[in-house]
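build me a structure from this.
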Amino acid sequence: MNEEILNAENMPDSMEVRRSFRLLSMDVIFYLCGQAFIDQSTILPAFLATLTDSSIVIGAIIAIKPAGLFLPQLWTAHYLRNRRRHKGFLMKVATVSRAGIALFAITLFLTSHRVILLAVFIVVYVGFWLTEGMAGVPWTDLVAKSIPERTRGRMFGFTQVGGGVLGLLAGLFISRILARGGLPYPTNYAVLMAVAAVFFWASYVSLFAVREPDGLPEEHDGNFLQYVRRIGRMVSGNSQLKRLLIIQMLIGFMGLSLPFFILYTGVAGRMIGIYLAIQVAGGIVWSALVGHLSDSRGPRSSILVSIVIGVLAPVLALLIGSKLLWLYGLVFFMVGGMISSVWIGLTNFLLEIAPHKERRSYIGLANSASAPTILFPVLGGLIVQAVSYQTVFIITAAALLAALILALGLRSGPSPINH
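I've put the predicted structure just below:
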């Protein structure tokens with residue numbers, strides 16, 4: 001064991017770990033509840049369908065989320081080089097994302113003009129996910145510095161369950177708000193966005209209270225292009241990292257189908273909230289299992305389970321069809337399970353194989369590598385219009401099956417503390 005590294009980046013004492021565990025858990029739980037009100041597989045497609053009847057436009061807007069999340073990651077990792085702390089940067093970008101959602105809620109209360117709403121929504125949605133993408137590297141690094149390795153799965157699982165319980169209540173609330181005879185349009189969606197903003201700001205306050213430990217800075221100079229070349233050399237020398245990146249790419253094919261699971265059924269109003277509640281329930285159940293598996297049997301096991309859940313979603317959509325609406329809820333049970341659980345195993349596996357001094361680069365690379373998947377919702381919309389919903393579901397199932405086969409070959413390296 002490398003004592004120098006242990007001394008340079010040691011875990012906080014047990015009391016501080018418990019404090020960080022609570023605050024980071026509250027951050028994620030409130031954040032996930034806020035996300036339920038802008039869910040991209042139920043709420044947003046239904047809302048966007050009131051502004052446009054083009055599945056391509058809807059798919060393109062849904063693609064803003066992965067684009068914003070993935071594209072800034074490597075730049076952020078490079079920008080934060082040579083620093084021991086990153087929380088100041090994290091809080092700045094988090095301020096922008098929270099303010100944007102509040103702004104859109106106000107806009108919905110003030111006007112019902114569809115062109116204005118669509119334009120403001122696109123600007124806010126781009127700003128929200130772009131700043132959330134910038135937050136990905138420093139937030140994950142903060143977790144790695146604050147929470148011991150084999151406690152992270154428990155924390156991630158706990159947050160998904162806690163956020164899921166609140167999200168389940170949110171789904172019931174949403175079903176009442178969107179029910180026929182409820183609030184008029186667009187006031188109904190304005191209320192949903194306003195509540196989302198409240199939970200996002202609660203998340204912000206919890207994160208602000210976390211005390212960031214010092215970390216090991218990535219000491220490298222040079223411009224961004226030189227940094228990218230160094231990243232390329234890092235990937236070429238790590239077979240497990242390469243395998244993980246390919247698996248992430250294949251998992252991204254879920255984005256091909258995600259906006260269209262709900263549109264396939266043609267449901268509206270109260271049923272949307274019910275499907276969201278079922279989706280959140282799936283996230284609660286599967287996240288609890290996957291979080292436990294990650295700590296007890298390692299992140300590889302949790303990755304395998306999450307991918308199996310993902311395969312089941314499009315397969316069930318094909319088998320059940322669009323007419324058996326209550327039975328179709330099983331699709332959203334699996335969608336929620338995969339969305340909530342897959343990042344637990346992927347993140348923990350990445351942190352286990354990443355050397356401490358290169359951790360921010362590993363995080364940025366892993367998140368940026370999925371950038372091509374930003375086109376999948378748009379591609380899904382094109383396939384739906386040109387062929388059928390069923391074709392999109394078949395392609396998604398095949399890609400996830402390939403990811404499952406590759407994941408069987410994952411092998412955790414030595415703990416990063418030994419690097």
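
and for residue 404, the neighbour number?
19 (other Cβ atoms under 10 Å). C-beta here means a position set from N, CA and C on the backbone, and glycine is covered the same way.

for residue 341, see how far away it is.
According to Cβ to Cβ, to the nearest Å, residue 404 and residue 341 sit 14 Å apart.

can I get stretch 23-34 in CSV, CA atoms only?
Taking Å, rounded to 0.1, in the frame of the first residue of the first chain, the C-alpha atoms of stretch 23-34 are listed here in CSV:
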residue,chain,number,x,y,z
LEU,A,23,-25.7,16.0,3.4
LEU,A,24,-24.8,14.4,0.1
SER,A,25,-27.7,12.0,0.5
MET,A,26,-30.1,15.0,1.1
ASP,A,27,-28.5,16.7,-2.0
VAL,A,28,-29.2,13.7,-4.2
ILE,A,29,-32.7,12.9,-2.8
PHE,A,30,-34.0,16.4,-3.2
TYR,A,31,-32.4,16.6,-6.7
LEU,A,32,-34.0,13.4,-7.8
CYS,A,33,-37.4,14.5,-6.6
GLY,A,34,-37.0,17.7,-8.6
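
mind checking the longest helix of this structure?
Longest helix in the chain by number of residues, with DSSP state H as the criterion: helix 114-146.

buried residues, it. List them.
117-118, 120-121, 124-146 (16 or more other Cβ atoms under 10 Å).

which elements pack onto that helix?
Where contact means 3 or more Cβ pairs under 8 Å, 6 or more residues apart in numbering; DSSP states H and E, helix 114-146 is packed against helix 14-36, helix 55-62, helix 64-70, helix 73-79, helix 87-110, helix 152-177, helix 329-353, helix 359-368.

those: which one's closest to residue 238?
For residue 238, the closest of the helices and strands packed on helix 114-146 is helix 329-353, at 7.3 Å, according to Cβ to Cβ.

which secondary structure element is home to the nearest residue to residue 42 once chain neighbours are set aside?
Leaving aside its sequence neighbours, residue 42 sits nearest to residue 276 (Cβ to Cβ, 6 or more residues apart in numbering; 4.5 Å). Assigned by DSSP states H and E, residue 276 belongs to helix 270-297.

mind putting the helices and strands packed on helix 114-146 in a markdown table, mean pLDDT and mean neighbour count included?
Supplementary listing: the helices and strands packed on helix 114-146 in a markdown table, determined by pLDDT from 0 to 100; neighbours: other Cβ atoms under 10 Å:
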| stretch | mean pLDDT | mean neighbour count |
| --- | --- | --- |
| helix 14-36 | 90 | 19 |
| helix 55-62 | 80 | 22 |
| helix 64-70 | 82 | 22 |
| helix 73-79 | 82 | 22 |
| helix 87-110 | 92 | 18 |
| helix 152-177 | 82 | 22 |
| helix 329-353 | 87 | 25 |
| helix 359-368 | 77 | 25 |
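
ok, now which ones touch the closest residue to residue 48 other than its chain neighbours?
For residue 48, ignoring the flanking residues on the chain, the nearest one in space by Cβ to Cβ, 6+ apart is residue 58 at 4.8 Å. Counting by Cβ atoms under 8 Å, 6 or more residues apart in numbering, residue 58 touches 45, 48, 49, 52, 259, 263, 381.

ok, the closest residue to residue 193 other than its chain neighbours - contacts?
Leaving aside its sequence neighbours, residue 193 sits nearest to residue 105 (Cβ to Cβ, 6+ apart; 3.7 Å). When contacts are counted by Cβ under 8 Å, 6+ apart, residue 105 touches 190, 193, 194, 196, 197.
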